[in-house]
Structure formats: structure tokens, C-alpha cells
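Novice: build me a structure from this.
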Amino acid sequence: MLAVAAYLGGAHRPWSPTVTPATIYFGDNGVLLPVAWLAGTALLIGAWWVGRRDIPSARWAYVTAALWMVPLLPFLPLGSYDVYSYACQGWQQAAGLDPYSGGVDVLGCPWADGVAPTWRAAPAPYGPVFLLLAAAAAKLGGSLSGTIAVLRLVAVLGVGLIAVSLPAITRRSGVPLKRAVWLALACPLIPIHLVSGAHNDAVMIGFLLAGLALAAARWPWAAGALFGLAIGVKATAVVVVPFAVLIVFAYRKWRAAAELLAALAVTLGVVSLVSGRGLGWITGLTGSGASVQWTSPPTAIGMTIGLFGVDAVPVTRILGIVALAVVLVVLWWRVLRGADVWISTGYAMAATVLLAPVFHPWYATWALVLLAATLPRETRWVTVPAAVVSALCMPDGYNLALAVKTQGAVAMTALICYIGYVRFRKAKYAVQSSGSQPAGPDHAADQLSRRDP
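Specialist: As a prediction, the model looks like this:
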């Protein structure tokens, strides 16, 4: 059913919404397209949700996840027009233009009419590794269809790298492989956004997990090179590096940590030079904040404050970044004090997703894959958000969050306040309990596992 939705109304050139009241009433496909999309998405989410309680084996999970991806491979991208931006950035790079100096409205592109209006003026917000991959796709593909096919192949290879890296990580974290594979690869976000949508997040996550696997296997040079490649796709990957340093530090101390960081720096420097853009990709990162949506908690708080006439979004976004920095330092420090490094790495990426200025549904895969491989037990605070955001986009990429901007911002702000209140009450109760009871083996606080957040 999702393949039918992709065939009838996936993201196509020229850019045009495919599911609107007008297309449903007057269009050739009538209600068939939205029904196929909604039913297919609901069935996929339901199957993933129910299946997580009965996974026969890791092999079964791998095969099932792959079978869910295959039907989407031949058809139009689902859930986003980003792949058309990738194609144009690859064409610009291959043509000797600088994608960091402007968008398609400045530099041009033969497929510019397929780029979503929001991003036509934005420079490339990705690193040099992805520019080189996109340029290769444009050269090999030749046409737009060929370029998208190569980009989708690159995304599939990224998902494959995730798949082969999971066993090495779960052996270290103690998580059952079959559960990690099911949660990470069978989640609807993977076939819909990473495979069909061909998002470069698949490549970034693949490099990250492979780097972590090699770090655990005592190959700091190779791990550092892969981390450099991951950052060269999306700078978000840098969040994992401090925790990887602690992983390698555990067996060869400072030498291994220095090798990892040196390999990272050399790899990133080499690809920056090979791309011909130097460090210009760092300035291009600022363009990713053009989208203002309540799905990012800091942005939602700013939007809610804005209802009272104050433009607070820039301020709340900065506060979110500051909060993220504090959380990352605290998590890293806890690992130094003995906390589990694998779980802390997953928490670090989850905090990055929650506190970043921008959130798109496929961003949830950053945290989902790491948490699936590191959490000692499956929890609903991981699976429920992944299921919800899987249903946020229409087949043409329209984000349903845009239809409820005010309501969504207020609801998200209220949820954050509620969670903060609950956590405050629990912390207050814990302090009162510790003050009224002697410390000892029967004390509740002393029975908490170090694996608990």
C-alpha cells in the first residue's frame, strides 16, 4: 500500500502537493492515494509495534525488515522532497560550483523545480563527504531519475552498514540482538524516510555505528576515520565522539584516544580538501535552521511565548543549545564516574534530537538506532515517539505539524511543563526520603541500577 502511495503521489518533479482537498475531490486518484498512504502507514506502525513482543530470531528480524523495504525501492520518494535538493547540490558540486555559497535560485540546477520552495534559497547544510557522494551520484546517474536511484542506493548501503554494525555493539551493551534489529531497522521511519526518502541520515548513522563497533573492537584509527566520515555527512555526529574516546581509552588509555582523534581530524581534513570547498561547509550549517516547527521542543516554547507578542524563538533555541551542552557534559562526566558508556551514548543522541533547534521525523532515527542497541530494556518513551513521528508526513512530504502550528506549540509546551513538574516532584520526594531515612542497603536510592537514567 505504501508502494502504491509512492507510485501515485510520492515527491515528484516539479514540486507540487499531491494530497489536498482538491486532489481528493477532482484528482485522477481521488481517495485512493490518501487511503493507501494512511492504511499502509497504520499497518506498518501496527506491525512494528505488535511484532516487538514476539521476535523469533535476529535473522527473522533482519529478513522481515528487508522485505518491508523492497517494495518501496522502484518508486517515487516518500515523505520529503529533500532528495531533489541532494541531487541539485550534487550537480552543483560536479559542475565545479560551490553549494555552500547559495541555493538553487542563485547557482542554478537543471532540476531546480523539484526542490521544495523552503530550501531553494538555502546553501547546502551538509558536510563535504556528502557533497562528494552527491556529486558522484549526479555523474553516474546523469539524469534526475538516475541521480535519485544512485542516492537511494547510497542510503540503502547506509542502512546495510547499520545492520552489520548492530551485532558488535549489542555484544558490548548486553542488549538482545533480535530486539535491537527489530527496533532499529523495522521501525517505519527506516523504510519510509531513510530508504524511500533516501535521506543522508542513513549514511551518517551507518558510519557512526560502524565507528562505535570498531572502537569497541580496539581499532581506534579505523574508528576515528569513520567518525570523520560521519561528521563529514552531518555535523550532528560529533556528539558521539567524546563517548567513543572513553570507549577506546578503557583499553589503551591516552594513546588510543589520541589515535582516534588524529584519524578523525585527518579524514575530515582530507575530504574537505578533496571536495575543493575547504572549511566552507561549516558556514553552511546555519541554513538548517530555516524551518520553524513546534516538533522541536525549544522552538515550540518560543512559538508559545510568541503568542503573547514576543519573538522568543531565537532565544529559546539558544537556551536549548546551552541545555544540550550541559546535558552532554553531565553524561560524559557520569561515564568517567562509572556509568555505562553505551547507554550514555544513546542518551546523548536522544538529548541532541530533543534539544536541537529543528526536528524532522527522520531525525528520530539518530537516537532510535543507538538506543535500540544500548538500552537494557525496551521502553515506551523510545517506541511511542518513533511511532507517532512516522505518521507526521504525507506522501508528498507535507508535514502535518504545519497544519496545527499554534495548537502543536501549546501542546508541546504543556507536555514539557508537565514532564518537568513530574520530575521535580520525584526529585523532591527522593531528597525528602533520603533525609528522613538512614542510608543503607534497604534504602530505595541505594537500590537504583546504574543503568537507570
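
Novice: and the helix or strand containing residue 65, what does it pack against?
Specialist: Residue 65 is located in helix 58-69, with elements delineated by DSSP states H and E. Under the contact criterion of 3 or more CB pairs under 8 Å, 6 or more residues apart in numbering; DSSP states H and E, helix 58-69 touches helix 144-173, helix 177-185. C-beta coordinates here come from the backbone N, C-alpha and C atoms, glycine included.

Novice: give me the buried stretch members for it, please.
Specialist: For helix 58-69, the neighbour count (16 or more other CB atoms under 10 Å) marks 58, 61-62, 64-66, 68-69 as buried.

Novice: any chance of those residues in JSON lines, with distance to residue 22 and pLDDT too?
Specialist: Shown next, in JSON lines, are the buried residues of helix 58-69 (distance: CB to CB, whole Å; pLDDT from 0 to 100):
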{"residue": "58", "distance to residue 22": "47", "pLDDT": "96"}
{"residue": "61", "distance to residue 22": "42", "pLDDT": "97"}
{"residue": "62", "distance to residue 22": "42", "pLDDT": "97"}
{"residue": "64", "distance to residue 22": "38", "pLDDT": "97"}
{"residue": "65", "distance to residue 22": "37", "pLDDT": "97"}
{"residue": "66", "distance to residue 22": "37", "pLDDT": "97"}
{"residue": "68", "distance to residue 22": "32", "pLDDT": "96"}
{"residue": "69", "distance to residue 22": "32", "pLDDT": "97"}
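
Novice: low-confidence regions, the chain specifically.
Specialist: Applying pLDDT under 70 to the chain flags residues 27, 284-290, 434-453.

Novice: how does it look with 50?
Specialist: By pLDDT under 50, the weakly predicted segments of the chain are 438-453.

Novice: check contacts around the spatially most central residue of it.
Specialist: The centre of the chain sits closest to residue 363, judged by CA atoms, centre = their mean, with a distance of 2.8 Å. Shown in contact with residue 363 (CB atoms under 8 Å, 6 or more residues apart in numbering): 201, 353, 356.

Novice: what's the answer for residue 413, then?
Specialist: By CB under 8 Å, 6+ apart, the contact set of residue 413 is 300-301, 304.

Novice: try residue 222
Specialist: By CB under 8 Å, 6+ apart, the contact list for residue 222 reads 211, 214, 263.

Novice: the second one touches residue 223, doesn't it?
Specialist: Yes: the pair formed by residue 214 and residue 223 meets the contact definition of CB atoms under 8 Å, at 4.1 Å.

Novice: adding distance to residue 379, write the helices and strands packed on helix 58-69 out as CSV.
Specialist: Converted to CSV, these look like this (distance: least, CB to CB, whole Å):
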stretch, distance to residue 379
helix 144-173, 15
helix 177-185, 10
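
Novice: can you list the ones you listed in CSV and add mean neighbour count?
Specialist: Output for the helices and strands packed on helix 58-69, formatted as CSV (neighbours: other CB atoms under 10 Å):
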stretch, mean neighbour count
helix 144-173, 20
helix 177-185, 23
